[in-house]
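>>> would you be able to build a 3D model of this:
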Amino acid sequence: MTANDLSVSGILLAAGAARRMGPDGYHKLLAEFDGVPLVKRIALRLLAADLSSAVVVIGHRSGAIRAALQGVPIDRVLNETFELGMASSLVCGLKAGAIMSADGVLIALADMPAIETEHLDMLIEGFRQHGGQAVIRATSDGRRGNPAILPRSLYGQLLTLEGDEGARAVIQRAGVPVVGIEIGEAAHLDVDTQQAVVEAGGRLTI
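Sure, this is the predicted structure:
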């Protein structure tokens, strides 16, 4: 197998309760950017990337999220225990479909509106250049951000995560090289609050 043959699957995390959005009932992933719900915007960018397969993990307001994803050919995985924290969503995603059969898994957060398909492909290319033996993570001015790709050798550790632990916890104790790929401010721009949604160019909907 050559480096170009290494496969990368994708998990889009979209299950969280968005508690920092306040009491008004708005969901950040349903906010519209250029007229498109954020969760759909990011899902389409994953599908356009050079991934072997992709799933989106849903939980909070799953009905509305499913509606926002109507017509998007990405597998949906319902995390019924999403309130336990991000770890449960990671485990759900990793166990879904063909995700674990890939040489690496790209973990993306659905609340990052500036992430482009080009950024994802840069990470995938970096993973292949390092022979599938390194963690590849997006950086901005050298500061670690998201998304990240973890090699198959770390899947077992991902499956043991609990509570609010995310991939960062595994990366910190990985014991494999961690390579940063510079993608600019997109690596840090997320929208956890109503103000953040508006400042990033989004429109609150439901």
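>>> just the CA trace of the helix or strand of the chain with the lowest mean pLDDT, in CSV.
None of the helices or strands of the chain scores lower by mean pLDDT, DSSP states H and E than helix 167-172, at a mean of 88. Extracted as CSV, the C-alpha positions of helix 167-172 are listed here (Å, rounded to 0.1, in the frame of the first residue of the first chain):
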residue,chain,number,x,y,z
ALA,A,167,-10.0,13.5,21.0
ARG,A,168,-7.6,16.0,22.6
ALA,A,169,-7.3,13.7,25.6
VAL,A,170,-6.2,10.8,23.4
ILE,A,171,-3.8,13.1,21.4
GLN,A,172,-2.1,14.3,24.6
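>>> going forward can the numbers begin at 401, since that is how I track them
Noted, 401 is the first residue going forward, which turns the last one into helix 567-572.
>>> could you identify the helix or strand that succeeds that helix?
Going down the chain from helix 567-572, the next helix or strand is strand 578-582, by DSSP states H and E.
>>> partners of the residue nearest the centre of the chain in the sheet?
For the chain, residue 508 is the residue whose C-alpha lies nearest the centre (Cα atoms, centre = their mean; 1.3 Å). For residue 508, the beta-bridge partners under DSSP bridges are residue 412.
>>> residues contacting it?
Residue 508 makes contacts with 410-413, 442, 446, 515, 520, 546-547, as judged by Cβ atoms under 8 Å, 6 or more residues apart in numbering. Using the backbone N, CA and C atoms, a C-beta is placed for each residue, glycine as well.
>>> state the distance from it to residue 585.
The gap separating residue 508 from residue 585 is 16 Å, by Cβ to Cβ, to the nearest Å.
>>> now swap in residue 596 and tell me
Taken as Cβ to Cβ, the span from residue 596 to residue 585 is 13 Å.
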